[in-house]
Every structure is written in C-alpha cells, then in structure tokens.
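Asks: Any chance you could fold what I've pasted below:
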Amino acid sequence: MSYESAIPVSNITGNRKALCVVVDTKGSTPRKIGAKMWVNENGQIKGSIGGGSLEKQVIKDALNQINKGEPKLFKHDLLHEHSMCCGGTVYIYIEPEMPKSRLYIFGAGHTGEALAKLAIPIGFEVYVIDDRSEYLDALKIDGINKMNIDHREVLSVLPFDQHTFIAIMTYDHAIDRDILNYCINQPHAYLGMIGSKRKVEITKKKFTEGKLATKKQLNQVDMPMGLKIKAEDPYEIAVSILAKLIEVKNGK
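Replies: Residues are numbered from 1 along each chain as shown. Next up, the predicted model:
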C-alpha cells in the first residue's frame, strides 16, 4: 500500500477555531490595537486580549461564532459590562477559521477522476482511495491526495466528522456495500453511493434484512448519488454529484 498525500492520515483532523483581534480602543484598556487571541472549539486559548471577565466573555462569543460559522465585531464597555476599573472601550473582531470540507472518493475510475477534478476548485480537500495503483497513477490532478490502499485497511484510520463528505463509486458492488456499511455509522455531512435503481433496492434490502442499518439511516444516504439531471457520461454524473455536495455544504 502507499499514500500519495500532501497530508498524512494521522494529521487530517483538527479543531475549529476563531481569531479574536482588538481592532480599536478608547480610553484606558488592558491591551491595545493588534492584540490577538485564538480560541478553539473546546475552549482552549492561545494569546490574550486582556484577561478577566472581558476575556471570559470573548471566549464565549468566539465559541458562539464558531458554531454560527460567521465573523462579527463586538463592542465592550469595560466599566459597565465587565466591572473593570480601567474603564475604556474595546472593539474585538472575531473571525472563525473553519476547516475545509473533506471529500473521500472511493474509486479512481472515470467518474471518480471527474469528480476529483471538479471538487478541487470548489474548495474541497479531496482524497481518492483505490487499491488499483495503475488507476491512481493515471490521475494527474493538482491538489488531490491519492491513497493506494485496500478499503478494509483504510476505513479504520480515516477521520470522520461533520465536515466529511463520502462518495462511494468503486469497481465492485460488494466493495461499495462494504464501505457503505462502515461509513453509515460514522459522523459525516454527506454519504452517497453510485448505482442503478436496482442496485440501490438490493442494497437497502440487504441492509434491512441483515439489520446493518435502520430505514432512517438508509433514507439519508444519497443513492443513486447526485441530482436528477439525466446525467449519462462520467463528467455529467460528476457534475450531478458535485451539485449535490455543494447543496449540502452550503446548506449546513
């Protein structure tokens, strides 16, 4: 097995965080313009914008903006809002730094290649996973991460979270179902599997009868994958899939 990846698997996790910057002050304040503090989603901080009750409130505000995924400017009256005797006013700009949406493409065939090409300029962090080295070697796409490894080996080491998008399109229906069986129980933003209506019906029947997933879980899987635009060739199918990924990503 081999990984041709800009980022090792062990390093592709990460907390959401926000940068808090003092952008303006009036009167006496503990820190001046330019003071910075990072706050990550578990409340840990690096740096300081003034300490005390001001900093406590800024941490709370930062966590709120991380969850909202949008920046905001806050005004703090130190005396009246925080009982700080310096008594000035501080303006703090909080900007969340959101992680990239990570796209796992299982299968380096024609549609997988087309989807990888289209997803890079949209801003996805793309990983193409296939046990066929000759197919991965044929991919000449700047910015993608190629993983030449059997799906049974890689699934347990891949990180999954609410920013993970999964597109299943290997060369074998049994492999597709095996990957789906694992991923359906992992955190994700999107999970889809390529295939005909018959393939989907058989998959749902196997998963239901085998008690591998609930009907609710299966209904949340995008299969057949992509928007219904009567796509036929690999690029048209990839466009339909990418459109669905964008819909999910921007709807979060």
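Asks: Residue 118 - how many residues pack around it?
Replies: In terms of burial, residue 118 registers 19 neighbours under the definition other Cβ atoms under 10 Å. C-beta here means a position set from N, CA and C on the backbone, and glycine is covered the same way.
Asks: try residue 62
Replies: Residue 62, neighbours per other Cβ under 10 Å, totals 27.
Asks: same thing with residue 164?
Replies: Residues within reach of residue 164, counting by other Cβ under 10 Å, total 21.
Asks: State the phi and psi torsions of it.
Replies: Backbone torsions of residue 164, given as degrees, to the nearest 10, read phi -90, psi 130.
Asks: and this protein, what are its domains?
Replies: 17-97, 100-251 (automatic domain parsing).
Asks: Could I get these in CSV, plus columns for mean pLDDT?
Replies: What follows is the domains of the chain, written out as CSV (pLDDT from 0 to 100):
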stretch, mean pLDDT
domain 17-97, 91
domain 100-251, 94
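Asks: so what strands line up beside the host helix or strand of residue 24?
Replies: Assigned by DSSP states H and E, residue 24 belongs to strand 17-26. Strand partners for strand 17-26, identified by DSSP bridges, are recorded as strand 36-40 (antiparallel), strand 89-97 (antiparallel).
Asks: contacts for that strand?
Replies: Applying Cβ atoms under 8 Å, 6 or more residues apart in numbering, the contact partners of strand 17-26 are 29, 31-41, 49-50, 58, 61-63, 65-66, 73, 88-97.
Asks: quick one on the thing from earlier: may I see the strands paired with strand 17-26 organised as JSON lines, with distance to residue 54 and mean neighbour count added?
Replies: As requested, the strands paired with strand 17-26 are exported to JSON lines (distance: least, Cβ to Cβ, whole Å; neighbours: other Cβ atoms under 10 Å):
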{"stretch": "strand 36-40", "distance to residue 54": "11", "mean neighbour count": "19"}
{"stretch": "strand 89-97", "distance to residue 54": "7", "mean neighbour count": "19"}
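Asks: could I get those strands as CSV with distance to residue 163?
Replies: Written out in CSV, the entries for these read as follows (distance: least, Cβ to Cβ, whole Å):
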stretch, distance to residue 163
strand 36-40, 15
strand 89-97, 13
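Asks: Residue 186: which of those strands is closest?
Replies: Distance to residue 186, taken as Cβ to Cβ, is lowest for strand 36-40 among the strands paired with strand 17-26, at 22.4 Å.
Asks: For the helix or strand that comes right after that closest one, enumerate its sheet partners and note whether each is parallel or antiparallel.
Replies: The element immediately downstream of strand 36-40 (helix or strand, assigned by DSSP H and E) is strand 45-47. Strands that pair with strand 45-47, judged by DSSP bridges, come out as strand 36-40 (antiparallel).
Asks: what about the strand it pairs with, distance to the chain center?
Replies: Per Cα atoms, centre = their mean, to the nearest Å, the displacement of strand 36-40 from the mean C-alpha position of its chain is 21 Å.
Asks: what's the answer for stretch 211-220, then?
Replies: Put simply, stretch 211-220 sits 22 Å off its chain's centre (Cα atoms, centre = their mean).
Asks: For that stretch, give me every contacting residue.
Replies: If you take Cβ under 8 Å, 6+ apart as the criterion, stretch 211-220 is touched by 181, 184, 185, 191, 204, 206, 207, 208.
Asks: Kindly recompute the last result at 7 Å.
Replies: 181, 184, 204, 207, 208 (Cβ atoms under 7 Å, 6 or more residues apart in numbering).
Asks: Name all residues that make contact with the last one.
Replies: Read that as residue 208. By Cβ under 7 Å, 6+ apart, residue 208 lies in contact with residue 215.
Asks: What of residue 94?
Replies: 18, 20, 61, 62, 65, 71, 72, 74.
Asks: try residue 62
Replies: Taking Cβ under 7 Å, 6+ apart, one finds 18, 20, 39, 94 in contact with residue 62.
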